[in-house]
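K.L.:
pasting a predicted model and its sequence here:
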Amino acid sequence: MNQITDFNIKDKRVFIRADLNVPMRSGNISSTNRIQASLPTIKYALKSGAKVMITSHLGRPEEGYFNEEDSLAPVAHYLSQILDMKIPLIKDWTIKEFTVESGEMVVLENCRFNVGEKENDTVLSKTYADLTDIFVMDAFGTAHRKQASTYGIAEFCPQVCAGMLFAKELEALDKVMSIPKSPMVAIVGGSKVSTKLKVLDSLSDKVDQLILGGGIANTFLKAQGYNIGMSLCEDEFIPSAKKIIQKLESRGATLPVVTDVVCGKKFHENEVAVVKNIKNLESDDIIFDLGPISMISITKKIKQARTILWNGPIGVFEFKQFSKGTETLALAVANSMAFSLAGGGDTIAAIEAFGMEKNISYVSTAGGAFLEFVEGKKLHAIEILERRTG
């Protein structure tokens, strides 16, 4: 797969599909992490004298209708400030002519305003391709989407390549999923087994230790015969959980033994947290976190690991009284000598909340694409880039 650094891009029209889908609050960017992650590719293109065009999706707008809430205007303004240059925002860029000079850049308004973007419309894809000499796919977070700006354009433009962020994401995931050093520990949290069943099944073929949190852990605890009270659980996936447990055991891999949990009676920020032995739960107890004794065992497993994959918090870390498990986990991963890869919105939020982001080997910007790669799926953007570049 070619990368942007493989081309002479001076005076070339370079179309960068980035992931600038930043969280917004009251019209202001609340986290610039995705923009910061995209900067190496942007700066390289500008420094190389390319005529740079960059676009992204933002939010979930209805195609064909502009709305201020999902405009990339705040992103263009932020980029202008940090790059100290004028960066125009081009609206209606599929039907309006515009120019870009060498060493300069424009932001093309939210691509999801364009009719046909999500459906990978051929005419729209060719319109995108006509704007550029080189297409740079740098939005790994959308690599699982077969859309006009992530896939269709790559079918029709003269040359295609991966951006620096895309290449880094792929390298980190390959390191964990293709050539992991053993022991490998995977940490998977979240509310529902149903959303991550394929991920869990895939990982159960690879890991030495599978650590579970949240509602996912509850379903597995019930599959192991424990009373979990009123805790979040998907009973219909208990047979699937049992199969995964059996698969792990057949390979000599394990789930950690949960001995204690942190409970409450209702989901509320002021609910009193009570630590209980897993065998002593009452019928109206709700599990919101793993207990301190269980976390000691988990911490030891993480310390022994040489490869760590982390997706999802251990408990309801947004409530301080139920955050200790996730905080302990984040600290253990940060202090580990293993190569650690973390991904997913809640995971990143937890890492940032506890100030551990600089101590994780690689924090992925991707969510759905991250999970689909771990499942073993061939991501659409990877497929087209490999096909076009040989």
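P.N.:
Right, received. Where do you want to start? Here the structure is a predicted model, which means the values were calculated and not measured.

K.L.:
what's the closest non-adjacent residue to residue 346?
P.N.:
residue 313 (5.5 Å; Cβ to Cβ, 6 or more residues apart in numbering). (Each C-beta comes from the backbone N, C-alpha and C, glycine too.)

K.L.:
tell me which residues are up against stretch 379-390.
P.N.:
Where contact means Cβ atoms under 8 Å, 6 or more residues apart in numbering, the residues beyond stretch 379-390 that reach it are 1-2, 137, 139-140, 142-146, 150-151, 154-155, 160-162, 166, 170, 369, 372-373.

K.L.:
so which bits of that stretch are buried?
P.N.:
379-382, 384-385, 388 (16 or more other Cβ atoms under 10 Å).

K.L.:
before we move on, what about stretch 170-177?
P.N.:
Per 16+ other Cβ under 10 Å, stretch 170-177 contains these buried residues: 170, 172-173, 175-177.

K.L.:
now, among these, which is nearest to residue 129?
P.N.:
Nearest to residue 129 among the buried residues of stretch 170-177: residue 170, at 23.1 Å, using Cβ to Cβ.

K.L.:
so who does that closest one touch?
P.N.:
1, 140, 162, 382.

K.L.:
and residue 217, how many residues sit next to it?
P.N.:
32 (other Cβ atoms under 10 Å).

K.L.:
please, which helix or strand holds it?
P.N.:
Secondary structure assignment for residue 217, by DSSP states H and E: helix 214-223.

K.L.:
ok, residues contacting that helix?
P.N.:
Contacts to helix 214-223, defined as Cβ under 8 Å, 6+ apart, come from residues 188-193, 196, 200, 212, 228, 231-235, 237-238, 241-242, 244-245, 255, 258, 278, 287, 290, 312-316.

K.L.:
mind doing that once more with 7 Å?
P.N.:
Residues outside helix 214-223 that contact it (Cβ atoms under 7 Å, 6 or more residues apart in numbering) are 188-193, 196, 212, 228, 231-234, 237-238, 241-242, 245, 255, 258, 287, 312-313, 315.

K.L.:
among the contacts of stretch 379-390, which are located in helices?
P.N.:
The helices, defined by DSSP state H, take in 154-155, 166, 170, 369, 372-373 from these.

K.L.:
let's have the residues you listed in a markdown table, adding pLDDT.
P.N.:
Below are those laid out as a markdown table (pLDDT from 0 to 100):
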| residue | pLDDT |
| --- | --- |
| 154 | 97 |
| 155 | 97 |
| 166 | 97 |
| 170 | 94 |
| 369 | 91 |
| 372 | 92 |
| 373 | 93 |
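
K.L.:
and which of the residues you listed is nearest to residue 269?
P.N.:
Using Cβ to Cβ, residue 369 is the member of the ones in helices among the contacts of stretch 379-390 that sits closest to residue 269, with 32.1 Å.

K.L.:
sorry, back to before: nearest to residue 340, of the buried residues of stretch 170-177?
P.N.:
Of the buried residues of stretch 170-177, the one sitting nearest to residue 340 (Cβ to Cβ) turns out to be residue 176, at 8.9 Å.

K.L.:
please tell me I have it right and the closest one contacts residue 307.
P.N.:
Yes - counting by Cβ atoms under 7 Å, residue 176 does reach residue 307; the two are 5.9 Å apart.

K.L.:
rewinding a little: now, the most widely separated pair of the ones in helices among the contacts of stretch 379-390?
P.N.:
Top of the distance list for these (Cβ to Cβ): 155 and 373, 21.6 Å.

K.L.:
between these two, who's got more neighbours?
P.N.:
Taking neighbours as other Cβ under 10 Å, residue 155 and residue 373 compare with residue 373 leading, 26 against 17.

K.L.:
and the gap between the more buried one and residue 33?
P.N.:
Using Cβ to Cβ, to the nearest Å, we find residue 373 at a distance of 20 Å from residue 33.

K.L.:
show me what contacts residue 128?
P.N.:
By Cβ under 7 Å, 6+ apart, the contact set of residue 128 is 15, 148-149, 153.

K.L.:
contacts for stretch 312-325 next, please.
P.N.:
So stretch 312-325 is contacted by 188-190, 213-214, 262, 269, 273, 288-290, 295, 326, 329, 344, 346-347, 350, 353 (Cβ under 7 Å, 6+ apart).

K.L.:
quick check: residue 283 touching residue 228?
P.N.:
No - the criterion here is Cβ under 7 Å, and residue 283 misses it with residue 228 at 10.0 Å.

K.L.:
neighbour count: these two, which is higher?
P.N.:
Set residue 283 next to residue 228 and count neighbours by other Cβ under 10 Å: residue 228 wins out with 21 against 7.

K.L.:
I'd say that one and residue 280 touch.
P.N.:
No - between residue 228 and residue 280 there is no contact under Cβ under 7 Å: 11.9 Å.

K.L.:
what about residue 108, distance to residue 125?
P.N.:
14 Å.

K.L.:
tell me which of these two has more neighbours.
P.N.:
Neighbour tally, residue 108 and residue 125, criterion other Cβ under 10 Å: the higher count belongs to residue 108, 26 against 22.

K.L.:
now the more buried one: how far from residue 72?
P.N.:
In terms of Cβ to Cβ, residue 108 sits 8 Å off from residue 72.

K.L.:
what pLDDT does the closest residue in space to residue 120 that isn't next to it in sequence get?
P.N.:
Among residues not flanking residue 120 along the chain, residue 152 sits closest, at 4.6 Å (Cβ to Cβ, 6+ apart). pLDDT for residue 152: 98.
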